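>>> can't give you the sequence, but here's the structure:
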């Protein structure tokens, strides 16, 4: 089953038909780090375990859990760094539920939230692929033991 990426139209549209009634794990770390890998694995496992699971409910539960994690860490960051503006970007920023919940959050926290137009909300993998393409045409190659460097700047 392909839900698409978390903020994508497949999850967003299907979730509107469902209820967030499936308990999913929320991953929390010290500080402001978080990961969606545990929740994505849980969704995949639930779907494999029961292929007849209500996909709309699963999508609604997934986007609610993802949004809770985003809001929890964003609230910590707003308080810790005393910011009054935040920007939501990447594929996840296209999701209408996430936008609606961040609008409520912005009002409650008295901050401003900025989003790109939905057509500009692409999955970060597209940007990574584009950089890989340019590296490739410039003759740059990596060994098979290449590892992820999450803070690497483009062009490094």
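The structure has been received and is ready for your questions. Not measured: the values here are computed from a predicted model.
>>> what about the residue nearest the centre of the chain, distance to residue 39?
Among the residues of the chain, residue 92 comes closest to the average C-alpha position under CA atoms, centre = their mean, at 4.4 Å. Separation of residue 92 from residue 39 (CB to CB, to the nearest Å): 13 Å. Every residue, glycine included, has its C-beta placed from N, CA and C.
>>> ok, residue 48 next?
If you go by CB to CB, the gap between residue 48 and residue 39 works out to 15 Å.
>>> these two: which has the busier surroundings?
It is residue 39, of residue 48 and residue 39, that has more neighbours when counted by other CB atoms under 10 Å, with 20 against 10.
>>> and that one, what is it in contact with?
24, 25, 26, 27, 62, 65, 66, 69 (CB atoms under 8 Å, 6 or more residues apart in numbering).
>>> again with residue 70
So, once contact is read as CB under 8 Å, 6+ apart, residue 70 ends up touching 92, 98, 102.
>>> which of those residues fall within helices?
98, 102 (DSSP state H).
>>> hang on, the earlier thing: okay, and the common contacts of residue 92 and residue 39?
Contact criterion CB under 8 Å, 6+ apart; residues bridging residue 92 and residue 39 by contacting each: residue 66.
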